[in-house]
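> My questions are about this predicted structure, shown below with the sequence.
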Amino acid sequence: MSGRDRLPPTILVIDDEPTIRRGIGRLLERAGYRVRTAGTGEEAMALVRSEHFDGAICDLHIPGVSAVQLCEEIWLVAPELAGRLIVASGDLTGEEVHGLVERTRVPPVSKPFTAADLLAAVGAVCPAPSPPHPADNRRAAS
């Protein structure tokens, strides 16, 4: 299989703040990932039901849905995301949050986070794609 045939890993970003979704999306795209975003739990579940994701980042405070319930629904539909779902929040305290972080088996990312922190967290669950080998970019001689 050539480098052109392999798609970069796809990350789902779930956050109700449009500027945060866009910022994370741009950062991950520059790092070589494909990105899909959702602003609500319903949008996230529709995407998880219809597409494959190699990893996900979920804000813990999405209006109208419990983060625990959303993560459980994601795992039911896409069990391969267990261990590849990063939780992010400005408040990582409380029993419910602690229990969710324990169940994800992935260290949480505390907001505000740096680009390096986020890329390290995503890279730990889903390594960034390798840059294409120069030979993959050469055209066949005609």
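Arrived safely. Numbers count the residues shown, from 1 in each chain.
> For stretch 40-55, buried residues please.
Residues of stretch 40-55 classed as buried: 40-41, 43-45, 47-48, 53-55 (neighbour count, 16 or more other CB atoms under 10 Å). To be clear about C-beta, it is placed using only N, CA and C from the backbone, and glycine gets the same treatment.
> Kindly report the same for stretch 113-127.
Residues of stretch 113-127 classed as buried by neighbour count (16+ other CB under 10 Å): 113, 118-119, 121-122, 125-126.
> Can you name the helix or strand that the residue nearest the centre of the chain falls in?
For the chain, residue 56 is the residue whose C-alpha lies nearest the centre (CA atoms, centre = their mean; 2.5 Å). Per DSSP states H and E: residue 56 is located in strand 55-59.
> Convert stretch 35-47 to PDB, retaining C-alpha atoms only.
Output of stretch 35-47 as PDB, limited to C-alpha atoms (Å, rounded to 0.1, in the frame of the first residue of the first chain):
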ATOM      1  CA  VAL A  35     -10.600  16.300  12.200                       C
ATOM      2  CA  ARG A  36     -14.400  16.300  12.600                       C
ATOM      3  CA  THR A  37     -16.100  18.500  15.100                       C
ATOM      4  CA  ALA A  38     -19.300  18.400  17.100                       C
ATOM      5  CA  GLY A  39     -20.800  21.100  19.300                       C
ATOM      6  CA  THR A  40     -23.500  19.000  21.000                       C
ATOM      7  CA  GLY A  41     -23.800  15.400  22.200                       C
ATOM      8  CA  GLU A  42     -26.400  14.700  19.500                       C
ATOM      9  CA  GLU A  43     -23.900  15.900  16.800                       C
ATOM     10  CA  ALA A  44     -21.200  13.800  18.300                       C
ATOM     11  CA  MET A  45     -23.300  10.700  18.400                       C
ATOM     12  CA  ALA A  46     -24.500  11.200  14.800                       C
ATOM     13  CA  LEU A  47     -20.900  11.400  13.700                       C
END
